[in-house]
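J.: Need a 3D model of the sequence below.
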Amino acid sequence: MRQFFRRDLSGGLLLGLVASAVAVPGSGLVAQEEHRVSGSEVSVYNLAGQVEIVPGSGSDVVVRVMRGGGDADRLEVGVQDVRGRQALVIRYPADEVIYPEMGRRSRTQIRVRDDGTFGDGGEGRGDQVDIRGSGSGLEAWADLRISVPAGMDLAVYQAVGEAEVGAVDADLLVDTGSGAISAEGGSGSLNIDTGSGSVVVREFRGDLLVDTGSGGVELTDVQGQEVNVDTGSGSVEGSGVSASYFKVDTGSGRIRFSRVSAPDVHMDTGSGSVELELLEDVDELVIDTGSGSVTLRVPSNLGAEIEVDTGSGGIDMDIPVEVRQVKRNFLRGVLGDGRGTVRIDTGSGGVRLIGG
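T.: Predicted coordinates for the structure are as follows:
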């Protein structure tokens with residue numbers, strides 16, 4: 001028999017055996033059931049639970065569902081058309097849902113439409129559903145293992161719960177209201193959107209967009225045409241990013257990256273230091289921080305017109321620069337052949353450039 005793993009309420013791993021709607025005595029769980037969703041564009045909607053996305057074969061997306069909770073048998077699982085896409089929708093027939101893995105004092109509110117969908121920009125606001133870690137309500141959740149054939153377009157919408165993405169060759173959207181998301185390996189395009197939760201992406205090949213309202217972001221060995229990270233609050237760091245366009249924007253949090261190869265780089269933080277190591281020359285580099293120091297390591301062949309402006313803080317150039325204009329907290333000059341553009345602006349904090 002195949003095996004399906006999920007975390008128990010204490011954070012450990014619980015092993016469930018694959019079967020079809022068979023109760024696991026004393027656990028509040030219902031063993032695994034399997035659903036196939038056809039079409040090149042597929043969506044999955046689930047309010048609470050953990051998600052694992054793995055490579056699949058054949059032509060269908062296969063979703064293995066592990067129901068949990070005392071009211072697990074009340075969940076309604078089915079495939080339907082949702083705005084031109086085939087979708088697996090898990091309906092929770094209540095406006096108060098209990099998911100203990102959130103923690104006793106945690107709470108999330110979301111609006112769910114009559115068809116069980118949410119969060120995809122569709123028409124209609126829907127009714128408000130409260131999801132809490134404890135209390136009275138429908139105690140139910142569904143852990144999912146989604147097998148995705150190469151070349152598919154998959155969108156996963158989940159209100160609460162962690163998500164893990166394996167080495168899938170597909171175009172993916174993973175949208176969660178609250179929960180950590182991790183991805184390792186894979187190619188295609190990856191769009192990660194979480195209202196609250198950390199994001200980790202390693203060894204991915206393809207365009208990457210990460211958007212988190214609150215939570216740190218870590219990228220390691222990512223290669224694509226466009227790599228774009230936006231977080232309202234949280235540090236963003238990593239190494240080994242190679243892209244044509246690389247942008248990081250955080251409202252509050254440190255930015256720190258090593259081994260970056262990109263001709264177009266934009267780093268913006270409202271509050272926090274910036275540390276950046278470039279391996280190659282750039283066409284345009286912009287670093288902007290409202291409050292925080294900037295440390296930039298550059299290759300010996302960097303050529304650019306450079307402008308550094310610090311509202312409050314010193315400027316330290318450990319590289320050859322032809323100075324055109326200098327005054328307190330401001331410098332304009334030329335590095336190397338001067339073909340690119342480097343602009344560094346910090347409201348409060350020193351700037352240091354170090355040669356490679």
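J.: correct me, but G161 touches A48?
T.: Yes. When contacts are counted by Cβ atoms under 8 Å, G161 is listed as touching A48 (5.8 Å). All C-beta spots, glycine's among them, are computed from the backbone N, C-alpha and C.
J.: what touches both of those two?
T.: Y99, W141 (Cβ atoms under 8 Å, 6 or more residues apart in numbering).
J.: where does the stretch 251-356 of the chain dip in pLDDT?
T.: The stretch 251-356 of the chain contains no residues with pLDDT under 70.
J.: could you pull out the strands for it?
T.: For the stretch 251-356 of the chain, applying DSSP state E, counting those that start in this stretch gives strands covering 255-261, 264-269, 274-278, 284-289, 294-298, 304-310, 315-318, 322-327, 330-335, 340-346, 351-355.
J.: now do the stretch 1-150 of the chain
T.: 3-7, 13-17, 23-24, 29-37, 41-48, 51-55, 61-68, 76-82, 85-91, 96-98, 107-112, 127-132, 138-139, 141-148.
J.: Can you report the mean pLDDT over the residues of the first one?
T.: If I follow you right, that is strand 3-7. In this model, strand 3-7 has a mean pLDDT of 38.
J.: Low-confidence stretches in the stretch 101-250 of the chain?
T.: The model of the stretch 101-250 of the chain has no residue with pLDDT under 70.
J.: ranges for the helices of it?
T.: Counting by DSSP state H, counting those that start in this stretch, the stretch 101-250 of the chain has no helices to list.
J.: Quick one: residues contacting M102.
T.: A48, T108, I131, R132, G133, V160, S178.
J.: Please report how far the closest residue to the fourth one other than its chain neighbours lies from Y92.
T.: Yep, that's R132 we're talking about. Nearest non-adjacent residue to R132, counting by Cβ to Cβ, 6 or more residues apart in numbering: R107, 4.8 Å away. From R107 over to Y92 the distance is 15 Å, taken as Cβ to Cβ, to the nearest Å.
J.: Between these two, which is the more surrounded one?
T.: Neighbours of R107 and Y92, each counted by other Cβ atoms under 10 Å, are more numerous for Y92; the result is 25 against 14.
J.: Need the pLDDT of the more buried one.
T.: pLDDT, read off for Y92, is 98.
J.: Let me know whether it touches L47 as I believe.
T.: Yes. Y92 is within contact range of L47, at 5.2 Å (criterion: Cβ under 8 Å).
J.: who touches both of these two?
T.: Counting by Cβ under 8 Å, 6+ apart, the residues touching both Y92 and L47 are V112, V129.
J.: Pull out the buried positions in stretch 158-174.
T.: Buried positions in stretch 158-174, judged by neighbour count with 16 or more other Cβ atoms under 10 Å: 158-166, 168-174.
J.: Endpoints of it, how far apart?
T.: 8 Å (Cα to Cα, to the nearest Å).
J.: Likewise for stretch 54-70?
T.: End-to-end distance of stretch 54-70 (Cα to Cα): 28 Å.
J.: ditto for stretch 247-262
T.: 10 Å.
J.: Next: stretch 125-137.
T.: 22 Å.
J.: Check stretch 247-265 too.
T.: First-to-last distance for stretch 247-265 - Cα to Cα - comes to 6 Å.
J.: just how off-centre is it within its chain?
T.: 15 Å (Cα atoms, centre = their mean, to the nearest Å).
J.: go on, stretch 316-326?
T.: 38 Å.
J.: likewise stretch 153-169?
T.: That offset, for stretch 153-169, works out to 10 Å (Cα atoms, centre = their mean).
J.: before we move on, what about stretch 141-148?
T.: 18 Å.
J.: what comes up buried for it?
T.: Buried, per 16+ other Cβ under 10 Å, within stretch 141-148: W141, A142, D143, L144, R145, I146, S147, V148.
J.: Format these as a markdown table; extra columns: distance to R332.
T.: Putting the buried residues of stretch 141-148 into a markdown table (distance: Cβ to Cβ, whole Å) gives the following:
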| residue | distance to R332 |
| --- | --- |
| W141 | 58 |
| A142 | 59 |
| D143 | 57 |
| L144 | 55 |
| R145 | 56 |
| I146 | 53 |
| S147 | 56 |
| V148 | 51 |
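J.: with these in mind, which one is nearest to R64?
T.: Nearest to R64 among the buried residues of stretch 141-148, counting by Cβ to Cβ, is R145 at 4.4 Å.
J.: tell me the contacts of that closest one?
T.: F4, V51, E52, V54, V63, R64, M66.
J.: in stretch 336-348, what counts as buried?
T.: Neighbour-count burial for stretch 336-348 [16+ other Cβ under 10 Å]: G336, G340, V342, R343, I344, D345, T346, G347.
J.: just these now: which is nearest G311?
T.: G311 lies nearest to G347 out of the buried residues of stretch 336-348, by Cβ to Cβ, at 4.5 Å.
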